[in-house]
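K.L.:
Build me a model:
(chains A and B)
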Amino acid sequence: MNAMTGSWLRVGDINDIPRRGARCVKHGDMTIAVFRTHDDRVYALEDKCPHRNGPLSQGIVHDGCVTCPLHNWVISLETGRATGADEGATTTYPVRLDGTTILLSLKPAKVD
Amino acid sequence: MAKDKLVIIGNGMAPGRMLEHLFEKAPDAYDVTIFNAEPRVNYDRIMLSPVLAGEKSYEEIVIHGDGWYAEHGVMLYKGHKIVEIDRTAKTVRSEHGEVAPYDKLVIATGSMPFVIPVPGHNLPGVLTYRDLDDVNAMLLAARDGGDAVVIGGGLLGLEAAAGLMNQGMKVTVVHLMPTLMERQLDTAAGYLLQRELESRGMTVLTKANTKEIVGPDKVRALRLEDGTEIKADLVIMAVGIRPNGILAKEAGLDVNRGIVVDAHMRTSDPDILSVGECAEVSGICYGLVAPLYQMANVAADTLAGDASRPFKDSSTATRLKVTGVNLYSAGDFAEGEDREEIVLRDATAGVYKRLVLKDNKVIGAVLYGETADGPWFFDLIKNGEDIAEKRETLIFGQAYQGGSPLDPMAAVAALPDEAEICGCNGVCKSKIVSTITSKGLTSLDDVRAHTKASASCGSCTGLVEQLMALTLGDSYNPAAVQPMCTCTDLGHDDVRRLIIAKELKTIPQVMQELEWKTSCGCAKCRPALNYYLVCDWPSEYADDYQSRFINERVHANIQKDGTYSVVPRMWGGVTSAAELRAIADVVDKYAIPTVKVTGGQRIDMLGVKKEDLPAVWGDLGRAGFVSGHAYAKGLRTVKTCVGTDWCRFGTQDSTGLGIRIEKFMWGSWTPAKVKMAVSGCPRNCAEATCKDVGVICVDSGFEIHFAGAAGLDIKGTEVLGLVKTEDEALEHIVAVVQMYREQARYLERIYKWAKRVGYDEIRRQIMEDDERRKAYFDRFVFSQKFAQVDPWSERASGKDKHEFKPMATLSLEAAE
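P.N.:
Residues are numbered from 1 along each chain as shown, chains lettered A, B, ... in the order given. Presented below is the predicted three-dimensional model:
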């Protein structure tokens, strides 16, 4: 059911994710967390905090960031980087909306 | 290259300060091992009196927490007393047989309280006043009220006396000399102090020589030389200290009154140093913190190979830490032919000031009632400044010089840069000002952390705050409340008040009306706001699950690998074969790796995959289980003992009451977790006296306790009151929890809230004000209508099902 649209994969509908929440996409052993912000932007990150691999999909989403449920690191949804005094980054994946359909690419976004 | 081994015997304030200085100066020079006979970290002994008076807790006076030792790689043996120093082998041995080699050894064994060898001095109930154990013993003894006698009217004795009086004991001070604190005060100030203490209800007997402590089984009374007998349940000896040089003497080091050291803190063995109250420099042993800290700095220099700053004796200033008594003395104030004095008395205001002059220099100062000028006088003493020109106005203090108005800010502004602000830590004005500026400090805590000023006894806090106000201008606001988070300037209390006052009923509404600075809050404020709204508008507010921590969102506890643990409720800790069988089946069926009995008398299944949670709950639900809320800021467990059902000592049906409380209160959300217990008799097998709320059953009814803690902090409960029936017990317990729900800050446990609000106020509202108690109870009952829904059965039936399974599972080919 994961129809191809070029290299974009259809993974679900935006209404599957609550605002300020996340849902997971499984890909083999890897889990990608797809986030929806309060203003309906979507972001995709590997579901692993750079600190101790906490599942970011389970964190609280606020202002373009997610707070990891294990030790409260705050990760930017856009860059995947830890904010504040912490250092580290998690892989981000390109994701976009086609209407209400969420399209995800499995080619990691470049981190500059 | 292997580092040299530094071993320290004793873990008081002097060696603590020495290490701080050493780590700054030569961070990698030594592998450090500390042997502490006390089973704890380094704490501020100067602050024991505020702990005794109930104004501070042990946690607040810790100088170096466990983390500090870990961070600096220090091996700290707590509760290990060293019994032998072998100077030939260069090792020390503890009473537990631990042997540690040293290259350099520091002896910091401190001092021992002096015990007058009168008959009865070793009866139970005779205590000294030296360390935290003494304070705890005194607090325990004071719980039953009664009469206390303090022998010794010096600094320590009076602080102990005031503390015990604060704890509700009737206190008599017995002092050998004609006036109190004769080493620090002249007779006039000693008299004023005595009058002040007597007006507070303390009995003070001077020129009183103790002859005997009367027993026979425990302390009953104290008898004086003149035959007077004073009733006593507790006797505190605070007659002085003796440097503890026993270990050093046994090791063959030179010991007079204290361990003899040179100006670089070296003993007669060059590889062994000594600091603190046990050390004797140029024939003097010290007891006040400033010279001890100076010793510590010198010793650190010596260990780092720097001999440029030998120890120098300097005069010290003293303050009495009895709340409401202002007393300051410094220098030498004995009378003499070559001395003059300036005295100011204002009887109505209770002020007495006396300066002792010699050759137009101030050599001593005693201030009573008004002590703000103390540091300024102390400065004049230390600098030996010629005061001929300001002699006329000198006694009026610094602000009066040059006719400027009597403004405390002006007084601080006028202090010279080198004026000492913090006597304990030897911090001068310029150091504080320059640190505030260079590090951009804005809070008192910051200044304490960076400069150590006001970090010991705290009596200079006012001065430090004035300096901060001077340096920072209007941007410093000492009364500022701690904001909830960076999204707002409002504190928790204001937010709670405004939610009610403005009838704010959704998170976006709160953020709009209270002018939140971020668009949708953060992980700190959102869960707090969600709780406040759940609590305040139970029938109207729609719980925002995206503002709950993951545990409360999915009703299970997240583990470090992202799996969850599941704890079903076992009412009052009672279970059955059927329940145990159901748990066993679930464990097998879902291959749950770990099953563990919790501290709250129930069973925890750990390592459950998130996808399995609804099915696990479904199976458990069929056996009658509901959620144990082990993940919630809410009611957790009610531990019980077996009570009258089985126990030969039980006085009431403690199991039944525990189950009743748990069934009544489960599902309620609270600011932080709430753990309870009911014990069937005062033997307290359910450990009710360290719980958030606990009940001790007695023959005459139910003693309700609250505000205990047994986690990060350990604290025994306070007694709320005694009630006769189970119904009353339930009503009182529910009411106190509802009061807490309505007033506490999010994540604030009951014991912290209660301390802030005041135990007496809580007792007044719950025990004495029947109407108010009933209202609390009714509000709780109303909110339970909406809260008592088993979250597990809801989810097992399909609620939030998206939460528990992936949105999509991509086949691997799709990704190619």
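
K.L.:
could you point out which element follows the lowest-mean-pLDDT helix or strand in chain A?
P.N.:
Every helix and strand in chain A was compared by mean pLDDT, DSSP states H and E; the lowest is strand A:4-5, with a mean of 48. Toward the C-terminus, strand A:4-5 is succeeded by strand A:8-13 as the next helix or strand (DSSP states H and E).

K.L.:
Can you show me the CA trace of that next one as PDB?
P.N.:
Taking only C-alpha atoms (Å, rounded to 0.1, in the frame of the first residue of the first chain), the coordinates of strand A:8-13 have been written out as PDB:
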ATOM      1  CA  TRP A   8       8.400   9.900  -2.400                       C
ATOM      2  CA  LEU A   9       6.500   7.300  -0.500                       C
ATOM      3  CA  ARG A  10       3.000   7.800   0.700                       C
ATOM      4  CA  VAL A  11       2.900   7.000   4.400                       C
ATOM      5  CA  GLY A  12      -0.400   8.200   5.600                       C
ATOM      6  CA  ASP A  13      -2.800  11.100   6.000                       C
END
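
K.L.:
That strand: partners in the sheet, and parallel or antiparallel?
P.N.:
The strands that strand A:8-13 pairs with in its sheet are strand A:4-5 (antiparallel), strand A:101-105 (antiparallel) (by DSSP bridges).

K.L.:
Could you dump those strands into JSON lines with distance to residue B:376 and mean neighbour count added?
P.N.:
In short, each C-beta sits where N, CA and C put it, glycine included. Shown next, in JSON lines, are the strands paired with strand A:8-13 (distance: least, CB to CB, whole Å; neighbours: other CB atoms under 10 Å in any protein chain shown):
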{"stretch": "strand A:4-5", "distance to residue B:376": "80", "mean neighbour count": "10"}
{"stretch": "strand A:101-105", "distance to residue B:376": "71", "mean neighbour count": "20"}
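
K.L.:
Going by mean pLDDT, which of the ones you listed comes out lowest?
P.N.:
Ranked by mean pLDDT, the strands paired with strand A:8-13 end with strand A:4-5 at the bottom, a mean of 48.

K.L.:
Now do the same contact list for the closest residue to residue B:695 other than its chain neighbours.
P.N.:
Of all residues not flanking residue B:695 in the chain, residue B:678 sits nearest, at 4.4 Å (CB to CB, 6 or more residues apart in numbering or on different chains). Going by CB atoms under 8 Å, 6 or more residues apart in numbering or on different chains, residue B:678 touches B:572, B:638-641, B:643, B:654-655, B:657-658, B:661, B:686, B:688, B:694-695, B:697.

K.L.:
let's see 10 Å
P.N.:
By CB atoms under 10 Å, 6 or more residues apart in numbering or on different chains, the contact set of residue B:678 is B:572, B:638-641, B:643, B:652-662, B:686, B:688, B:691, B:693-697, B:702, B:729, B:733.

K.L.:
Pretty sure residue B:126 sits against residue B:237.
P.N.:
Yes: applying CB atoms under 10 Å, one finds residue B:126 in contact with residue B:237, separated by 6.7 Å.

K.L.:
what ranges of chain A fall below the confidence cut-off?
P.N.:
For chain A, the stretches flagged by pLDDT under 70 are A:1-6, A:110-112.

K.L.:
Average pLDDT for stretch B:660-672, rounded please.
P.N.:
Averaging pLDDT residue by residue across stretch B:660-672 gives 96.
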